[in-house]
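>>> Give me the fold of what follows.
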Amino acid sequence: MTLFKELILISLGKREGFSRRLNEADWISLYTEAQRQAIGGILLDGVEKVIASGEDKPKFLMQWISLVLALENRNRLLNARCKEITKVFNELGLRSCVLKGQGVARLYPNPLRRQCGDIDLWVEGNRDDIYTTLKARWKVGDTVIHHADVEIFKDTPTEIHFIPSFTYSPFVYRKYKKFFKKCGDRQFANYNESVGFACPTPDFNAVYSLMHIFHHVLHEGIGLRQLLDYYFILKSLAKEQRVQVFEEMRHLGLAKFAEAVMYVEQQMFGLEPEFLLCKPDGKTGRRLLEEIELAGNFGKYDKRYQHVDRKSRMDVYLHNVKRNFVFFKFAPSEVLWAPIWKPCHFVWRKIKGYS
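Residues are numbered from 1 along each chain as shown. Predicted structure coming up:
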């Protein structure tokens, strides 16, 4: 991981070059890990820097460049789709806010090189009314407690969020909902004319994005792409906002997890002390980093999943319940509530008639 970490720091402008001359096997290892962690676009910046300073070119450099050019075109398409979908919901009388993705990309030095995915749009209103609106106009797929998969564009997967995130504990979930209700108006009003859509304010983003990372760590795994997003979110926060943000995290039961994330931000991205939200916890942070290295982006490369039939809900459920006990120290409430919440959520979806 040493050379990979060096490439990250070179790409972020925190290091001039590698600690030694690279051979072809080194380049292959770097390229493979960049794909596993879904940060190949950003790391190409570092590759270009070291080649310009005299490092030998990897044989597959053109392949790496072609993938990034395709990524840049994909980001342009997603930016256009975010603008279109915002206009669609505005015409329906519904305000919206683009979560994660294209909103976070704007914080990057080179936004088009951030690895993109689908569109996550938070729409103002209550779940039942939004769901009815969606069903009347588009094909609605999987619908869960916080969002629905909706086919609005043929070329762009879209999730319409009723709320930005959720938690397994019903007691903490109430706190989440109060937080979203308190912050919602500012997010929907944070419209940017230059891009044509609203995206979260820095202080909201710092809390919400940690929720998102936290959920995916427990649900399937997380990669460095989301932690790199969080690096730029932390850098965007005003000094006076950091204490308030961490207090909000403490109230929402995220403080221990935040300490682990701060460790990863320092270790992998060289986050300066003045941007930390709290003191890093090395013990839980190292455990989180081990999971990131093992599982890759959204847990897609987790070899511990090889024996699990991903098409079987029961197999995935039992695997996740067992796996989650690894995180008991910084998420005891979530770990204990997850086995109860998941079957209850399944029944609730059937009662509501959600697919």
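
>>> Which helix or which strand is home to the spatially most central residue of the chain?
For the chain, the residue nearest the mean C-alpha position is Gln226 (4.0 Å; Cα atoms, centre = their mean). Using DSSP states H and E, Gln226 sits in helix 224-236.

>>> which other residues reach that helix?
Residues external to helix 224-236 that are found in contact with it (Cβ atoms under 8 Å, 6 or more residues apart in numbering): 8, 37-39, 42, 100, 104, 107-108, 114-115, 202, 205-206, 209-210, 212-213, 216, 261, 264-265, 268-269, 271, 275-277, 292, 297. Every C-beta, even on glycine, is put in place using the N, C-alpha and C of the backbone.

>>> What residues sit buried inside it?
Across helix 224-236, burial judged by 16 or more other Cβ atoms under 10 Å covers 224-234, 236.

>>> Quick check: what element follows it along the chain?
Moving toward the C-terminus from helix 224-236, the next helix or strand (DSSP H and E) is helix 239-251.

>>> Quick one: residues in contact with that next one.
So helix 239-251 is contacted by 175, 179, 202-203, 206-207, 210, 237, 255, 258, 274-278 (Cβ under 8 Å, 6+ apart).

>>> Please repeat the previous calculation with a cut-off of 6 Å.
203, 206-207, 255, 258, 277-278 (Cβ atoms under 6 Å, 6 or more residues apart in numbering).

>>> show me where the protein has strands.
All strands of the chain, identified by DSSP state E, fall at 96-99, 119-123, 139-143, 147-153, 156-161, 191-192, 197-198.

>>> For the first one, list every residue counted as buried.
Along strand 96-99, these residues count as buried under the neighbour rule (16+ other Cβ under 10 Å): 96-99.

>>> Helices of this protein, residue ranges please.
2-11, 24-36, 40-52, 61-91, 101-105, 127-137, 170-189, 202-219, 224-236, 239-251, 255-269, 282-295, 313-324, 332-352 (DSSP state H).

>>> if we can go back for a sec, out of the buried residues of helix 224-236, which is nearest to Glu193?
Here the nearest of those to Glu193, counting by Cβ to Cβ, is Ser236; it sits at 19.0 Å.

>>> Show me the shaky parts of this structure.
For the chain, the stretches with pLDDT under 70 are 1, 296-317, 319.

>>> could you redo the last one with a cut-off of 80?
Counting by pLDDT under 80, the ranges of the chain that qualify are 1, 219-221, 295-331, 355.

>>> Residue most distant from the centroid, it?
Outermost in the chain, Cα atoms, centre = their mean: Gly54 at 34.7 Å.

>>> gap between that residue and Phe327?
44 Å (Cβ to Cβ, to the nearest Å).

>>> Tell me, how many residues neighbour the spatially closest residue to Phe4 that is not a sequence neighbour?
Distances taken as Cβ to Cβ, 6 or more residues apart in numbering put Glu33 closest to Phe4, at 5.0 Å, once the chain neighbours are dropped. Neighbour count of Glu33, defined by other Cβ atoms under 10 Å: 21.

>>> Then Leu210?
Leu210 is flanked by 24 other residues according to other Cβ under 10 Å.

>>> looking at the helices of the chain, which is closest to Phe18?
Using Cβ to Cβ, the nearest of these to Phe18 is helix 2-11, at 5.4 Å.

>>> which outside residues touch the closest one?
15, 18, 26, 30, 33, 42-43, 45-46, 49, 270.

>>> and the angle for that helix with helix 224-236?
Relative orientation of helix 2-11 with respect to helix 224-236: 40 degrees, computed using axes from the mean of the first three to the mean of the last three Cα atoms, to 10 degrees.

>>> Alpha carbons of helix 2-11, as CSV, please.
Presented in CSV, the C-alpha positions along helix 2-11 are these (Å, rounded to 0.1, in the frame of the first residue of the first chain):
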residue,chain,number,x,y,z
THR,A,2,3.0,2.3,0.4
LEU,A,3,3.4,3.2,-3.3
PHE,A,4,-0.3,3.6,-3.7
LYS,A,5,-0.4,6.0,-0.8
GLU,A,6,2.5,7.9,-2.3
LEU,A,7,0.6,8.2,-5.6
ILE,A,8,-2.5,9.6,-3.8
LEU,A,9,-0.3,12.2,-2.1
ILE,A,10,1.4,13.1,-5.4
SER,A,11,-2.0,13.5,-7.0
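
>>> Figure out how far that helix is from the centre of its chain.
In terms of Cα atoms, centre = their mean, to the nearest Å, the centre of helix 2-11 is set 21 Å apart from its chain centre.

>>> If you count neighbours, what's buried in that helix?
Result for helix 2-11 [16+ other Cβ under 10 Å]: buried residues 3-4, 6-11.

>>> circling back: turn the helices of the chain into a markdown table, including distance to Asp155.
Putting the helices of the chain into a markdown table (distance: least, Cβ to Cβ, whole Å) gives the following:
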| stretch | distance to Asp155 |
| --- | --- |
| helix 2-11 | 29 |
| helix 24-36 | 22 |
| helix 40-52 | 19 |
| helix 61-91 | 7 |
| helix 101-105 | 15 |
| helix 127-137 | 18 |
| helix 170-189 | 26 |
| helix 202-219 | 24 |
| helix 224-236 | 21 |
| helix 239-251 | 36 |
| helix 255-269 | 32 |
| helix 282-295 | 28 |
| helix 313-324 | 28 |
| helix 332-352 | 28 |
